[in-house]
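S.K.: After the sequence you'll find the predicted model.
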Amino acid sequence: MDSSRFDEEIGRLNDVLCAINLLNWDARTQMPDGAAAMRGAQVATLTGLAREIAAGPALRAAIADELALLADRPENSLRRRALLDTRTAIEVASRVPDRLVVEAAALKTRAQQVWAKARAANDFASFLPFLERTVALQREIAAAIGYEDHPYDALIHQYESGMTLKRLDRLFTGLKAALLPLIDTALGYPPPCREILERGFPVEMQKRFALQIAEAFGYDLKRGRLDETVHPFEISFTREDVRITGRFRDTWLPGGLFAIWHEAGHGIYEQGVDPAFSRSAFTTDILNLYAVGGASFGLHESQSRLFENRVARSRRFWQLHFNALRLYFPEQLHDVDEEAFWRAVNAVHPSLIRVEADELTYDFHVILRVEIEAALIAGEIAVRDLPAIWAEKMKAYLGLDVPDDTRGVLQDVHWSAGMVGSFPTYTIGNVMAAQFFAAARRVPGVEAGLEAGDYRPLTRWLNDNVHCHGRSKSPDEILQLATGQGLDPAQYIADLREKVRLLA
C-alpha cells in the first residue's frame, strides 16, 4: 500500500501498542513484584496515548480524505478495506469513554500481579476487590458499546465479531449432545496408565524437546523465544518478534509439552502474517488497542489447537516422535512404548484444570466460564459468590469436587487481564481447527508430510490460506475461502468420535 497520512498514523499507533505488549510480556515473565503499581501507570499512560491516536482527529481526517480520493475503488480492495474497517472500529471504540479505557489498562497490570499471588496462596479474598472492579468496568464498557439482546454480546464482539450469546447457546447445545455420550463411552474403556506421565521429568529437558518439536512445526526461534510464566501465553511485537511462554511441572509431563505446542501454534500464525502488513491496519486491533495480526481470537485459537490436538495428540505423531522423547527421558520411559504413551496423553479423564483437560471434556470448561461471565455481566450473580458457583457447575458438568480456589475460580489469568468475553473463542477455535485441518489434509503433500513427520507442507498451507491475510479479511471470510464452509462443528465432532473409536 502507498504511504500516506493514514499509514503514518496507523504505524504510530501500532508502535505504541507493540510497546504496551512488551511491557505486558515483561510484567508476566520477569518484572519484580514491587514494580506492579508503576508498571500499571506506565501501561495506562501508553494506552491513553494509543487511544488519543486511534480516536484522534488526525487519523479520522486521514481516513476521510483518502476515502474521498478512492471513491471509485471497490469496497473489497485492500486499501478501502483498511480504511473502512479502521473507521468502523474507531466508531465502536469511541463509544467507550476514555476514563474506562485508561482505568481498565491500569487495573489490569496490578490485578494480574495480585491474581498470581492469590492463585499461589489459594486466597480468593485478596483478589476479590480487583475482580469486582474489573466486572464493574466491563459492565460499563458493554453498556457503552451497546447490544441488542444481551450485554455479554458487546464483550464477545471485541474478541469474535458477529458472535452472540444466542449463537453460542446453539453451538454449545449441539456439542453437549454429541460429547456427553462420547465421554461416557470413553470412560467405559479400561483406563490407560497415566502414572507414566508423573515420573519426575526434569524441566530443562521438557523445554528442549518441546522446542525441538515447535521448530519442526514451523515456529522460528530467530524471531521468537520461550520464557516461563504462571499462565502460558503468546505475544508479538510485529511478526519479527513473536514470543511464547510455558508452565512446567516435573510431575506432569503433558502440561508443559502441549502448552508449548499450543503457544507455538499462536506464534506460527503471527510469524506467518504477510510482511507487507507490519505496522498497518491489518496488524492493529483498534477495538482492543492490541497489536496483533490474527483476524480474531477464535481464529488464533484454531491455529494453536490445531497443532496441539489435531497434530500432537495423533497416534502417528507419537509413532514418529516417541523414541526422540525417550532419548530425553531414558530412565522415566524405559518401560513405555509409543502406543501406551499415546493412550496416556489422550486419556479421557475429567479434570479440574482447563489448560490440561482432555479433548472431550475441554469444552465443558469453556461452557462453564461463558455461563458465569454472561451471568456476571447481566448482574444475575455476584463476584463474591463465584467460588461456590464454580464448584456447583464443575460438579454438574464433570462430576468433580473443587478442593480449592487455586484449582477452581483462580486458575485462569483472563479475568485479571479484563478479558471478559474471550472464553468462547476457545471452543470456536476447536471447531475451526478441525475444519482447517480437514481441508489441509485434502492436499496430497500435507497428508504425506504428516505421515512422514514433515510438518512444512501443513504450515505452508496454513501460511497461504490463513496466516498471510492478517486482519485484511474477517474470520468468516478466511474460513470460507480455506475450507468452503462457515463455522460448523460437524468435522470437530467427527474427529472426536474417531479418537474415541481408536482408544477402544
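M.R.: Cool, got the structure.
S.K.: which regions of this structure lie under the pLDDT threshold?
M.R.: For the chain, the stretches with pLDDT under 70 are 1-2.
S.K.: longest single strand anywhere in it?
M.R.: Assignment by DSSP state E gives strand 242-246 as the longest strand of the chain.
S.K.: CA atoms of that one as CSV?
M.R.: The C-alpha coordinates for strand 242-246 follow below in CSV (Å, rounded to 0.1, in the frame of the first residue of the first chain):
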residue,chain,number,x,y,z
VAL,A,242,6.9,-13.3,18.5
ARG,A,243,7.3,-14.7,22.0
ILE,A,244,5.8,-17.7,23.7
THR,A,245,5.7,-18.8,27.3
GLY,A,246,5.1,-22.0,29.2
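S.K.: Give the pairing partners of that strand; include direction for each.
M.R.: When pairing is defined by DSSP bridges, strand 242-246 lines up against strand 226-228 (parallel), strand 234-236 (antiparallel).
S.K.: Give me the contacts around that strand.
M.R.: Applying CB atoms under 8 Å, 6 or more residues apart in numbering, the contact partners of strand 242-246 are 25, 28-29, 207, 210, 214, 219-220, 223-229, 232-236, 256, 259-260, 263-264, 266-267, 270-271. No exception for glycine: its C-beta is placed from N, CA and C like everyone else's.
S.K.: which of the residues you listed count as buried?
M.R.: Neighbour counting by 16 or more other CB atoms under 10 Å classes 25, 28-29, 207, 210, 214, 219, 223-224, 226, 229, 232-236, 256, 259-260, 263-264, 266-267, 270-271 among the contacts of strand 242-246 as buried.
S.K.: In helices, which of those residues appear?
M.R.: 25, 28-29, 207, 210, 214, 256, 259-260, 263-264, 266-267, 270-271 (DSSP state H).
S.K.: Go through these and name the one nearest residue 382.
M.R.: Distances from residue 382 to those, taken as CB to CB, are shortest for residue 28 (28.2 Å).
S.K.: Chain neighbours aside, what residue packs nearest to that closest one?
M.R.: residue 229 (5.1 Å; CB to CB, 6 or more residues apart in numbering).
S.K.: Backbone dihedrals for the one you found, please?
M.R.: Residue 229 adopts backbone torsions of phi -150, psi 170, taken as degrees, to the nearest 10.
S.K.: got a list of what it touches?
M.R.: Counting by CB under 8 Å, 6+ apart, residue 229 has contacts 28-29, 245-247.
S.K.: Now distance to residue 410 too, for the residues you listed, in JSON lines please.
M.R.: Output for the contacts of residue 229, formatted as JSON lines (distance: CB to CB, whole Å):
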{"residue": "28", "distance to residue 410": "16"}
{"residue": "29", "distance to residue 410": "20"}
{"residue": "245", "distance to residue 410": "19"}
{"residue": "246", "distance to residue 410": "19"}
{"residue": "247", "distance to residue 410": "14"}
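S.K.: now, the most widely separated pair of those residues?
M.R.: 28 and 246 (12.1 Å).
S.K.: Tell me how far residue 30 lies from residue 206.
M.R.: 20 Å (CB to CB, to the nearest Å).
S.K.: more crowded one of these two?
M.R.: The residue with more neighbours, out of residue 30 and residue 206, is residue 206; 23 against 11, by other CB atoms under 10 Å.
S.K.: Surely that one and residue 253 touch.
M.R.: Yes: counting by CB atoms under 8 Å, residue 206 touches residue 253, with 6.7 Å between them.
S.K.: quick revisit: export the strands paired with strand 242-246 to JSON lines and tack on distance to residue 326?
M.R.: Below are these laid out as JSON lines (distance: least, CB to CB, whole Å):
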{"stretch": "strand 226-228", "distance to residue 326": "22"}
{"stretch": "strand 234-236", "distance to residue 326": "28"}
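S.K.: Tell me who's in contact with residue 479.
M.R.: 299, 432, 435-436, 485-487.
S.K.: mind listing which of those are in helices?
M.R.: Per DSSP H, the contacts of residue 479 map to helices at 299, 432, 435-436.
S.K.: Which one (most neighbours) among these?
M.R.: Going by other CB under 10 Å, residue 432 tops the ones in helices among the contacts of residue 479 with 32 neighbours.
S.K.: before we move on, what SS does the residue nearest to that one when sequence neighbours are not counted have?
M.R.: Counting by CB to CB, 6+ apart, residue 302 is the residue found nearest to residue 432 once chain neighbours are left out, at 3.5 Å. The three-state label given to residue 302 by DSSP: H, G, I helix; E, B strand; the rest coil is helix.
S.K.: and residue 302, how many neighbours?
M.R.: 31.
S.K.: Next, the contact list for it, please.
M.R.: So residue 302 contacts 428-433, 436, 466 (CB under 8 Å, 6+ apart).
S.K.: Kindly present those residues as JSON lines, with separate columns for distance to residue 89.
M.R.: Listed next are the contacts of residue 302 as JSON lines, based on distance: CB to CB, whole Å:
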{"residue": "428", "distance to residue 89": "20"}
{"residue": "429", "distance to residue 89": "22"}
{"residue": "430", "distance to residue 89": "27"}
{"residue": "431", "distance to residue 89": "25"}
{"residue": "432", "distance to residue 89": "22"}
{"residue": "433", "distance to residue 89": "26"}
{"residue": "436", "distance to residue 89": "25"}
{"residue": "466", "distance to residue 89": "21"}
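S.K.: out of those residues, which one sits closest to residue 359?
M.R.: Nearest to residue 359 among those, with distances taken as CB to CB, is residue 430, at 8.1 Å.
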